[in-house]
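Visitor: just the structure for this:
(chains A and B)
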Amino acid sequence: MTAVLLSLALLVLDHRFHHLQQLRSALSFLTYPLQYLADLPFTTSHWLSEATSSHEVLYERNQQLHAENLRLQAELQKYESLQAENMRLRDLVDSSFKVGDRVLVAEMASVDLDPYKQQVIIKKGAVSGVFEGQPVLDARAVMGQVIEVNPLASTVLLITDSSHALPVQVLRNGLRTIAVGTGRIDELKLPYLPTNSDIVVGDLLVTSGLGGKFPPGYPVATVTRVDRSPDAPFSSVFAEPRAHLDRSREVLLVWTVPNDVPSAYAPTDAPADAPPDAPADDQTTPDEGAPATPAESNPAGMDSTPTEPGT
Amino acid sequence: MSGSGDGRLIIVATLCVAMLLTILPMPEWARPFRPQWVALVLLYWAIALPHRVGVGTGFIAGIVLDVLTGTLLGQHSLGLTVVIFIAIQLHQRIRVFPFWQQSLGILILLIIDHLLGLWVTGATRGVAPPLIYWAMPLIGALLWPWIFVTLRKTRRHFKVS
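Guide: Model prediction:
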């Protein structure tokens, strides 16, 4: 009876007040060896297949990577000139900001966690400077954010978890909204779009940076379905994450360079991740909790609700 | 005295194996079919040695499992404590059942465990997982005879009592 009451008390404490992070961290010293052990066969087999792969295979892969690198370098050149041009134009309207994020590659541990939650463990922790709320990407798009940091490993909540919401923007027209996880690994939903909003299948969603946790401009998902029924106030829009949430083995941890407006152009103290030209035409009113919780006490993984300049 | 210490080690070792099996990676489609390993192992020990493995053990194992799988603290321990409590109340009856009847009893206990977990998930996150996840207790119950035999062999081999 006491144990049941204790369990319930713990549940309430953990869910409502988030006081148990330290207990969890302490216990994770116990569970880390287990996770390490569960992951070991996969790491070993991976290593073995690397170590024993033949010369030809390695040569071939090297060639492939070389070609890809060349292609990416070429793209990068284009990107750099575009970035310079963008900055020049932004200078003209006095709203330039610093671009550039530091990135660290981390490997995922092959362990399965709670089947109802979309989360993964990565093998980098506080020792490498990982922090809570840190954005996590793969080579293609946003994957999620760090919700728990231990010395050698951390837990990442994926964007498809049903408790995760991510402020996004349609790349085509800058329409801002929130992408909420559905609990299915291949689907996001956009529940706060009015029926008349301009969104079509195939639109690319990128992070808007409004939550303050994710850097703006990273791809998130592609719209796969738009259902507009005339009698409903909101259209139901679904999108497929671009990141290979269920397949990637390597992830990128991002440190966003603080969006300080460089002093030379800093007459106004406008936050760089709230573009002043974007009209607040979408009434994004996320109802998922966390109404006034500060960003650091937010272990449920909710990206903080965006601060809308126009509402 | 040293015998009892060894016994504790064996019990903890089996629980560790169960936890390993819980987090061992499986393909996405196979996830609903993963039995509740920790519950099964704890149930065996609770039925076989109710004076050694009780509600407290279940509670601690549940907390460790919560940390391991990243659920709310208390989610697994709630189900495990309730189920172990029932198992200890009925252990003398369950012990003499034939295997298929034991499996049925275990099925009911596993369903209770699963249901309590679902209630917590539903209450705190407002999501209901697909119905296929009810396969978890079913598979656990089907595996019960083998788990029972394996653990009984282990127990007798190491003379845990």
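Visitor: alpha carbons only for contacts and neighbour counts from here, please
Guide: Noted.
Visitor: run through who's touching the lowest-mean-pLDDT helix or strand in chain B.
Guide: Least confident helix or strand of chain B, by mean pLDDT, DSSP states H and E, is helix B:2-23 with a mean of 81. With contact meaning CA atoms under 8 Å, 6 or more residues apart in numbering or on different chains, helix B:2-23 is reached by A:34-35, A:37-38, A:111-113, B:34, B:36-38, B:41-42, B:45, B:61, B:65, B:69, B:158-161.
Visitor: now list the buried members of those residues.
Guide: Buried subset of those (neighbour count, 16 or more other CA atoms under 10 Å in any protein chain shown): A:34-35, A:37-38, A:111-113, B:34, B:36-38, B:41-42, B:45, B:61, B:65, B:69, B:160.
Visitor: tell me which of those fall in helices.
Guide: Taking DSSP state H as the definition of helices, the buried ones among the contacts of helix B:2-23 contribute A:34-35, A:37-38, B:37-38, B:41-42, B:45, B:61, B:65, B:69.
Visitor: and A:Pro191, that one's in a strand?
Guide: Yes - counting by DSSP: H, G, I helix; E, B strand; the rest coil, A:Pro191 is part of a strand.
Visitor: how near is it to B:Leu21?
Guide: Relative to B:Leu21, A:Pro191 is positioned 37 Å away (CA to CA, to the nearest Å).
Visitor: and for B:Gly7?
Guide: 21 Å.
Visitor: contact partners for the most centrally placed residue in chain B?
Guide: The centre of chain B sits closest to B:Ala39, judged by CA atoms, centre = their mean, with a distance of 0.8 Å. Contacts for B:Ala39 were tallied using CA under 8 Å, 6+ apart; they are B:80, B:110, B:113.
Visitor: next, the buried residues of the helix or strand harbouring A:Glu75.
Guide: Assessed by DSSP states H and E, A:Glu75 sits inside helix A:55-92. The neighbour-count check on helix A:55-92 (16+ other CA under 10 Å) flags A:Met87 as buried.
Visitor: and after it, which helix or strand comes next?
Guide: Counting by DSSP H and E, the next helix or strand C-terminal to helix A:55-92 is strand A:101-107.
Visitor: show me what from chain B comes close to chain A.
Guide: Counting by CA under 8 Å from any CA of the partner chain, the positions of chain B adjacent to chain A are B:16, B:19-26, B:28, B:31-32, B:55-56, B:59, B:64, B:67-75, B:77-78, B:81-82, B:124-125, B:127, B:129.
Visitor: nearest to chain B: which residue in the stretch 151-300 of chain A?
Guide: Chain B sits closest to A:Ser163 of the stretch 151-300 of chain A, with a gap of 6.8 Å, by CA to the nearest CA.
Visitor: tell me if that residue really is in a helix.
Guide: No - under three-state DSSP, A:Ser163 sits outside any helix and is assigned coil.
Visitor: now chain B, which segments are flagged as low pLDDT?
Guide: For chain B, applying pLDDT under 70 flags the ranges B:1-6, B:127.
Visitor: let's go with 50 and repeat that
Guide: Applying pLDDT under 50 to chain B flags residues B:1-3.
Visitor: secondary structure element for B:Val83?
Guide: Going by DSSP H and E, B:Val83 is part of helix B:75-89.
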